[in-house]
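Asker: Show me the folded form of this:
(chains A and B)
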Amino acid sequence: MIDLIFPDGSKRAYEPGTTGKQVAASIAPSLAKRAVLIKLDGELLDVDRPLEKGGRFEILDRNAPDALETIRHDVSHILAEAVQELFPGTQVTIGPAIEDGFYYDFAREEPFSLDDLARIEDRMKQIVDRDEPIVREVWDRDEAIRHFREIGEEYKAQIIEGIPAGEQVSVYRQGNWKDLCRGPHLPSTKAAGKAFKLTKLAGAYWRGDHRNPMLQRIYGTAWASEADLEAYIRRLEEAEKRDHRKLGRQMDLFHMQEEGKGMVFWHEKGLTLWRTVEAYVRRRLDAAGYQEVRTPQVLDRVFWEKSGHWEKYRPNMFVCETEEGEELALKPMNCPGHVQIFKFGQKSYRDLPLRMAEFGACHRYEPSGALHGLMRVRAFTQDDAHIFCREDQIEEETARFIELANSIHADFGLERDHIALATRPEVRAGSDEFWDKAEAQMLAAARKAGVEPVIAEGDGAFYAPKLDWVLKDSIGRTWTCGTIQLDYVLPERLGAEYVAEDGSKQRPVMLHRAICGSLERFIGVLIENYAGAFPLWLSPVQVVVATITSDADGFALQAAERLRAAGLRVETDLRNEKINYKVREHSLAKVPVIAVVGRREAEEGKLALRRLGSDGQQILTLDEAANVLATEAQPPDIRRRGSEA
RNA sequence: GCCGCCUUAGCUCAGCCGGUAGAGCGGCGCAUUCGUAAUGCGUAGGUCAGGUGUUCGAGUCACCUAGGCGGCACCA
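Answerer: Residues are numbered from 1 along each chain as shown, chains lettered A, B, ... in the order given. Just a heads-up that it's a prediction; the model follows:
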């Protein structure tokens, strides 16, 4: 007999080979009817799977959160079935559930069209209506290879060949269609429901390797209910409204054009935002004991040969030639330059830790397909810094950095989702002992700062592990901003050293770190996080003084001057337009404060302040308004400083 | 870089089976001075991304190039 422990803690014994469905039936017929999956010791299984062992046992209906992934996986199979019915000769490959949905990769000569998606979707709904039972079968591996090869499924056969010989494989059958699959699945195509939608077509390399043929990937989304599907679609629409590329144009922040692929033309308002962010970060770095430097933009090839970039990174570098035949390259990163400053003169152990910062403008020739608005560009400015320190200072410096980064992210309204510890990649420099040590150091430092990192297996740089910040924005999307990487290699390679207490020459360790990553990207994230409606301190235009009639023009100009004198970024709107029109226009432009001036205000020397997103107003004298707004517009670090005083 | 889609006025977009361009917003002009999310009238804007071809005729079809978008790969 096997013992099943139910969620309420009760325990019951069953014959081995009893199915989940039978267990459900033994409790209540209605439960058996609703049961679509079971969970045994945390593992999801088919409801009809005979149980071989006991354990913590749970019966799931299709609304259970844990069932959603299986619904998506089922729908991906239904997609594959529909495609093979409609397009005979198409080979199936893999089709997993992913966040918010699923995809399936197909091999077919002719590309699918957008029109095909609608046809496929219709057929999928028919398959759901057919209520085809989904049945698990266990096959011999070699027989499975033979079978799939026979029916022309070369990719499937290849997948099975990857399974060790002698093992059995599971094949799921629905109607006349079958697929190699680990499962689990719901009991029938009907259980998957119809709350799905095919969303996009894309190319994807077989097995994720660009040397392999390109397959056609169909993406879809699937949910337990129509309502969830609707909510998801609304969420997408909301995200689209926040697109920084769209808002960047609408708000006149920046633009890009084809002659400068991946390069940004910052307009006045965008640069104001930039300067605000930069000034803030600079103050934080100053306060945290960093020294700011600036290193050359273009350096001779010889320099990059020494640093190793010429050999390893050349294809990603912008290279130019001079009239005199020199070969120069734009810097793709700041570290080699910083090492030069470190090496200039002698450094003592007393100089360590030495925190060297630069708002470093870097150029990288990124593949054209990788470019994406401000998020991935070819010319960008890193809020870069390198901390030169002794090995025994790594933990302390990393922990301090974690606190600094956390505080800065929070000031920008970004919540931390998690910090990832990226561990040794497959291709790497250094021994296993080195990696054991380096990974342990990063982990210990994170814990010292009270953070338990999520392990990102194999994501480290080739020379060392790193911590990456994954931030969550106001609508729950995540962005990777901020990193700290341990580096033993570059100081060695470029010959950085310091004089230790005993007079010996020692190698410092370098910590590469950035909090924003690149200012371009970070500003992109900020635009999307705030949907363009920035808090007062970041807003490019903080106040618009708008007149109701031209009688108030004089006072409006005077008020604007007064607010400017208080340090605010102010525009005036004296146009001969109705106040409704002005309010609407500046509201759409996401100006945080509109100061309305009519005859009344002009006479009394007051301003009627209207905040974005509210239709109330606050009537203040000019001086009061200047004080209130100037205080409100203080960057968070300055405000804290003020409240401490 | 790879696969697919897209590119029409400053912006957002319409243009059926090929018959030589249209709207709204914005701009400009005039009138209106009107108290919190669109005042009215008038008017100027286009080598239909660029190129080649098919055709009596191409914004519409084919091919090439560039850029953009969605993915994939890349992000040392």
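Asker: residue boundaries of the strands in the stretch 51-200 of chain A?
Answerer: A:55-60, A:91-92, A:97-98, A:101-107, A:134-140, A:168-174, A:177-180, A:196-205 (DSSP state E, counting those that start in this stretch).
Asker: looking at it, A:F401 is touching A:L511, isn't it?
Answerer: Yes. If you go by Cβ atoms under 8 Å, A:F401 and A:L511 touch, sitting 7.3 Å apart. In this view, the C-beta of every residue, glycine as well, is placed from N, C-alpha and C.
Asker: Quickly list what's touching both of the two.
Answerer: Residues within reach of A:F401 and of A:L511 at once, by Cβ atoms under 8 Å, 6 or more residues apart in numbering, are A:387, A:484.
Asker: before we move on, back to that, RNA strand B: which of the strands of the stretch 51-200 of chain A is closest?
Answerer: strand A:196-205 (2.7 Å; Cβ to the nearest atom of the strand).
Asker: That closest one pairs with which strands?
Answerer: As defined by DSSP bridges, the strand partners of strand A:196-205 come to strand A:214-222 (antiparallel).
Asker: Let's test this: mean pLDDT of the partner strand, rounded?
Answerer: Taken as a whole, strand A:214-222 has a mean pLDDT of 94.
Asker: Equivalent analysis for stretch A:22-30, please.
Answerer: Computed over stretch A:22-30, the average pLDDT equals 89.
Asker: Export it to CSV, keeping only CA atoms.
Answerer: In CSV, the C-alpha atoms belonging to stretch A:22-30 read as follows (Å, rounded to 0.1, in the frame of the first residue of the first chain):
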residue,chain,number,x,y,z
GLN,A,22,-9.6,7.2,-8.6
VAL,A,23,-8.2,8.9,-5.4
ALA,A,24,-10.4,11.9,-6.1
ALA,A,25,-13.4,9.7,-6.7
SER,A,26,-12.8,8.0,-3.4
ILE,A,27,-13.2,11.4,-1.7
ALA,A,28,-16.1,12.9,-3.7
PRO,A,29,-17.4,12.3,-7.2
SER,A,30,-17.5,16.0,-7.8
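Asker: Residue numbers of the stretch 501-645 of chain A in contact with RNA strand B?
Answerer: Residues of the stretch 501-645 of chain A lying close to RNA strand B (Cβ under 7 Å from any atom of the strand) are A:548-551, A:576-581, A:583-584, A:587-588, A:594, A:596, A:598-601, A:608, A:610, A:612-613, A:615, A:617.
Asker: Can I have the buried ones of those as a ChimeraX selection?
Answerer: Entered in ChimeraX, the line below selects the buried ones among those, by 16 or more other Cβ atoms under 10 Å:
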select /A:548,579,583,587,594,596,598,601,608,610,612
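Asker: Go through the residues of the stretch 501-645 of chain A next to RNA strand B and flag which are in strands.
Answerer: Secondary structure from DSSP state E places A:594, A:596, A:608, A:610 of those in strands.
Asker: and the last one, what is it in contact with?
Answerer: Okay, so that is A:R610. With Cβ under 8 Å, 6+ apart, A:R610 has these contacts: A:583, A:593-596, A:616-618.
Asker: how many neighbours does the closest residue to A:G175 other than its chain neighbours have?
Answerer: Excluding its sequence neighbours, the residue lying closest to A:G175 (Cβ to Cβ, 6 or more residues apart in numbering) is A:E132, at 3.8 Å. Residues near A:E132, counting by other Cβ atoms under 10 Å, number 18.
Asker: residues contacting A:E132?
Answerer: A:174-175, A:188-189.
Asker: Show me the two of the residues you listed that sit farthest apart.
Answerer: Spatially, the most separated pair among those is A:G175 and A:S188, at 9.9 Å (Cβ to Cβ).
Asker: Any idea which residue of chain A lies closest to RNA strand B?
Answerer: For chain A, Cβ to the nearest atom of the strand, closest residue to RNA strand B: A:G369, 1.7 Å.
Asker: Okay, now the unreliable bits of the stretch 451-600 of chain A?
Answerer: Along the stretch 451-600 of chain A, the model assigns pLDDT under 70 to no residue.
Asker: hmm, try it at 80
Answerer: A:474-476 (pLDDT under 80).
Asker: which residues in it form strands?
Answerer: Using DSSP E, counting those that start in this stretch, strands in the stretch 451-600 of chain A cover A:454-456, A:466-472, A:478-487, A:498-499, A:505-506, A:509-518, A:543-547, A:570-573, A:593-597.
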